[in-house]
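> Provide a 3D model corresponding to the input given below.
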Amino acid sequence: MTNKEKETQWFETFFNSLINSPEYKAMVWEFDSDKTKEQLNKVDKTIKKAGDIMWNFKDIFETPEVIQAWKNYKWTSQAETKFSKSNDEDENKMNFEVKYFKDKNPKTWGFAWIAWLEDLKQELKESFVNPLKFKFLVDSLEKSPLSVSPQGREVEQNKNEIYLKLKQAYDKLKVNIPTGLLMYGPPWTGKTFISKKLAQELWAWFISKSMWELGSSYIHQTTQNIKELFDFAKKESKKWPIILFLDEIDSLVSARTDRVDANKAEEVSQFLQEFNKLYEEAPNLIVIAATNRPDHLDSALLRSGRLDKKIYVWLPDFETRKALFKVFIEKFDRPHSKLNYNKLAELTEWYVAADIENIVKEASRDASQWILELVNLVENQKWDKIDFEKINKDLEKHVLTQELLEQAIKDTTNSVKMIDMSVYEKWKQKVS
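Residues are numbered from 1 along each chain as shown. From the prediction side, this is the model:
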């Protein structure tokens, strides 16, 4: 019996003691007609005065039977709490959330937002986007009946037949869509961001979990958490396409060596077993894993049928840095003067995408300071003395400038300054 069932049982005992007490019957059921009006007036006044309701309840119904029932419930509840907490089946259950991105701005939706990493986008389109979009389209046609008017039904039927023939031709080639993708590289290069954009490009739902969150100090609990995560993702993938993003994968599926204890080996084994089931049990589920330390991963995770695709997300090159500045300034519609994007890219060698985004934010914050000062000026003056025409002209001057951006670059230290980049080059050569 769970805590909830026990609480229900004791409440029923309490309630039965209440309604069967002589005081309750005298007050509610067994009053004579002469006292009815007086008692109803008393109840009416009590209700009108909401603050006195509980006191009135206490005075009338605090009977010996009720007091004893409450004591029994309270004592038993407290005693059982000490022992039942670890046995409660919901106590250690993980919380997972599935997210759907809404198309609010075409400029920043999907790969349109990524004005760089052209090779990466092309590989993602060929391996995932194009085949999955086609698969999801045909799946929806097979499941959903035609809902068009009789006049357009013939056209739609012809269109559906063509799609189905194309699918049959595609299936004959026995092309398997990769079950998993590993993105590796230095921190802050946009691995999580790219995964979200891929989900948007596919119009898929998105589940994200950092692998360290699955860890537990309780024996076998981490293994259970892994199972629950995959069970949840597989269940959701039956409703719609799902991208399951596993960040910091190395924190959980690290290499098994002679020094690894039995619990750690069990966790890695459980993860691999769950992964093996995906192709058959969840064809609409794609796993994307990200890591900053690919050299720490267990080699079994990298074999065919698991993380088939491995993509190196490197530091942005010169052209990429130019594109990043344009994205964070122009696609966000930040007002700016004429900018020298080539010089900005030259000054930000070894800076990652997150650094460049922060530089633009800092420069924007500096540009906004005069506007905030103007707010204070306006608040402290009488409205009939404010020169609105001058304010409007001055506002046009307070935009992002080359000087503000260059100063923000000087004030920003690149995030990978202390990172050993040779790790990634060596691992890339190893797996390529």
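> can I assume Tyr295 is in contact with Val423?
Just to correct that, residue 295 is Asp rather than Tyr. Yes: taking CB atoms under 8 Å as the contact criterion, Asp295 and Val423 are neighbours in contact, 5.9 Å apart. Heads up, the C-betas are built off the backbone N, CA and C, glycines and all.
> Look at the two and report which has more neighbours.
Regarding Asp295 and Val423, a neighbour count based on other CB atoms under 10 Å identifies Val423 as having more, with 17 against 13.
> Show me what the helix or strand harbouring the more buried one is packed against.
Secondary structure here is read from DSSP states H and E; on that basis Val423 sits in helix 422-431. Using 3 or more CB pairs under 8 Å, 6 or more residues apart in numbering; DSSP states H and E as the contact test, the elements touching helix 422-431 are strand 309-312.
> Would you mind writing the CA trace of the strand it packs on as CSV?
Included here for strand 309-312 are C-alpha records, laid out as CSV according to Å, rounded to 0.1, in the frame of the first residue of the first chain:
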residue,chain,number,x,y,z
LYS,A,309,28.0,9.7,-37.8
LYS,A,310,30.8,11.6,-36.1
ILE,A,311,31.1,15.3,-36.8
TYR,A,312,33.9,17.5,-35.6
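> That strand packs against which elements?
With contacts defined as 3+ CB pairs under 8 Å, 6+ apart, strand 309-312 has these neighbours: helix 118-124, strand 180-184, helix 422-431.
> The first one: which residues count as buried?
Neighbour-count burial for helix 118-124 flags Leu120, Lys121, Leu124 (criterion: 16 or more other CB atoms under 10 Å).
> I figured the last one hits Leu198, correct?
Translated: Leu124. Yes: with contact taken as CB under 8 Å, Leu124 and Leu198 are classed as touching, separated by 5.9 Å.
> Relative to Thr291, how far out is the residue nearest to Leu120 when sequence neighbours are not counted?
Counting by CB to CB, 6 or more residues apart in numbering, the nearest residue to Leu120 once its immediate chain neighbours are dropped is Ile311, at 6.0 Å. Using CB to CB, to the nearest Å, we find Ile311 at a distance of 12 Å from Thr291.
> distance of Arg256 from Leu301?
Distance, Arg256 to Leu301, using CB to CB: 10 Å.
> And for Tyr424?
When distances are taken as CB to CB, Tyr424 and Leu301 turn out to be 17 Å apart.
> Repeat that for Val268.
Applying CB to CB to Val268 and Leu301 gives a distance of 8 Å.
> cool, Lys430 as well?
Look at Lys430 and Leu301: by CB to CB, they are 14 Å apart.
> So which of these two has more stuff around it?
The neighbour comparison of Lys430 against Leu301 (other CB under 10 Å) goes to Leu301, with 20 against 10.
> Residues that sit against both of Ile311 and Thr291, list them.
Leu182, Met183, Tyr184 (CB atoms under 8 Å, 6 or more residues apart in numbering).
> now those: which count as buried?
Applying 16+ other CB under 10 Å to the shared contacts of Ile311 and Thr291, the neighbour count classes Leu182, Met183, Tyr184 as buried.
> Which strand residues bridge the last one?
When bridges are taken as DSSP bridges, the partners of Tyr184 come out as Thr291, Tyr312.
> OK, contacts around it?
Applying CB under 8 Å, 6+ apart to Tyr184 gives the contacts Lys191, Ala290, Thr291, Asn292, Pro294, Lys310, Ile311, Tyr312, Val313, Tyr424, Trp427.
> next one: the first one
Leu182 sits next to Ile249, Ile288, Ala289, Ala290, Thr291, Pro294, Leu302, Leu307, Lys309, Lys310, Ile311 when contact means CB under 8 Å, 6+ apart.
> change it to 10 Å
Listed by CB atoms under 10 Å, 6 or more residues apart in numbering, the contact set of Leu182 reads 191, 246, 249, 287-291, 294, 297, 301-302, 306-312, 431.
> Pull out the buried members of the residues you listed.
Neighbour-count burial (16+ other CB under 10 Å) is assigned, among the contacts of Leu182, to 191, 246, 249, 287-291, 294, 297, 301-302, 306-308, 310-312.
> Where does pLDDT dip in the stretch 101-250 of the chain?
When residues are selected by pLDDT under 70, those of the stretch 101-250 of the chain lie in 115-116, 142-153.
> what ranges do the strands span in the chain?
For the chain, the strands defined by DSSP state E occupy 98-99, 180-184, 205-210, 242-247, 285-291, 309-312.
> Between Val268 and Leu301, which contacts overlap?
Residues within reach of Val268 and of Leu301 at once, by CB under 10 Å, 6+ apart, are Val253, Ser254, Ala255.
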